[in-house]
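Got a predicted model here, sequence first, then my questions.
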Amino acid sequence: MALIWRKEMSVGNDNIDYDHKYLILYVNTVELCLQTLEQKEQLYDAFDQLYEYAEKHFSKEESIQRKIGYPDRLNHRHIHNTLLKELKEVETKISSAKDSEEVKRIAPELTQFLRSWLIDHVFNEDMLLKPYLRKHPRAFS
């Protein structure tokens with residue numbers, strides 16, 4: 001079942017929310033590739049797109065945090081760096097798989113990781129930004 005954006009996921013900033021919606025699409029794309037895997041290259045491409053977008057999003061989010069004076073921004077950046085390292089580890093697992101069958105065997109673990117990576121981060125970390133973002137226009141960047 002695909003992840004779907006819900007209004008409860010909003011942090012109150014259109015730029016961050018927009019990125020989160022796209023991250024959901026990228027996670028869903030990777031999951032679809034894992035479920036219908038015919039060629040590992042499709043999965044690599046989808047995963048690379050997810051990683052690149054996550055990097056850009058984290059940079060944008062950290063810039064907004066600086067501008068609004070978010071007091072826990074250094075810790076939040078550390079969390080982002082850890083998440084990117086974890087994504088690289090997943091990429092290594094995928095690339096070290098011998099064939100599509102092995103990727104299919106580890107697919108449930110990868111799917112669970114990606115879902116919790118995104119949802120847990122949004123609900124546990126990014127929601128802490130909400131009180132600080134309320135003081136600024138929704139389109140603040």
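Yep, it's here.

neighbouring contacts of the host helix or strand of residue 89?
Element membership for residue 89, per DSSP states H and E: helix 73-96. With CB atoms under 8 Å, 6 or more residues apart in numbering as the test, helix 73-96 has contacts from 40, 43-44, 47, 50-51, 54-55, 58, 61-62, 65-66, 70, 103, 106, 110, 113-114, 117, 121, 125, 128. Using the backbone N, CA and C atoms, a C-beta is placed for each residue, glycine as well.

any idea whether residue 12 is helix, strand or coil?
Following DSSP: H, G, I helix; E, B strand; the rest coil, the label given to residue 12 is coil.

How about the contacts made by it?
Residue 12 neighbours (CB under 8 Å, 6+ apart): 129-130, 133-134, 138.

Going through these, which ones are buried?
Buried by 16 or more other CB atoms under 10 Å: 129, 133, out of the contacts of residue 12.

Go through the worst-scoring helix or strand of the chain on mean pLDDT and flag the buried ones.
Ranked by mean pLDDT, DSSP states H and E, the helix or strand of the chain with the weakest confidence is helix 100-120, at a mean of 86. By 16+ other CB under 10 Å, the buried positions in helix 100-120 come out as 103, 106-107, 110, 113-114, 117-118.

Could you give the separation of it from the chain centroid?
With CA atoms, centre = their mean, to the nearest Å as the basis, helix 100-120 stands 13 Å off its chain's centre.

which helices and strands does it pack with?
If you count contacts as 3 or more CB pairs under 8 Å, 6 or more residues apart in numbering; DSSP states H and E, helix 100-120 packs onto helix 14-35, helix 40-68, helix 73-96.
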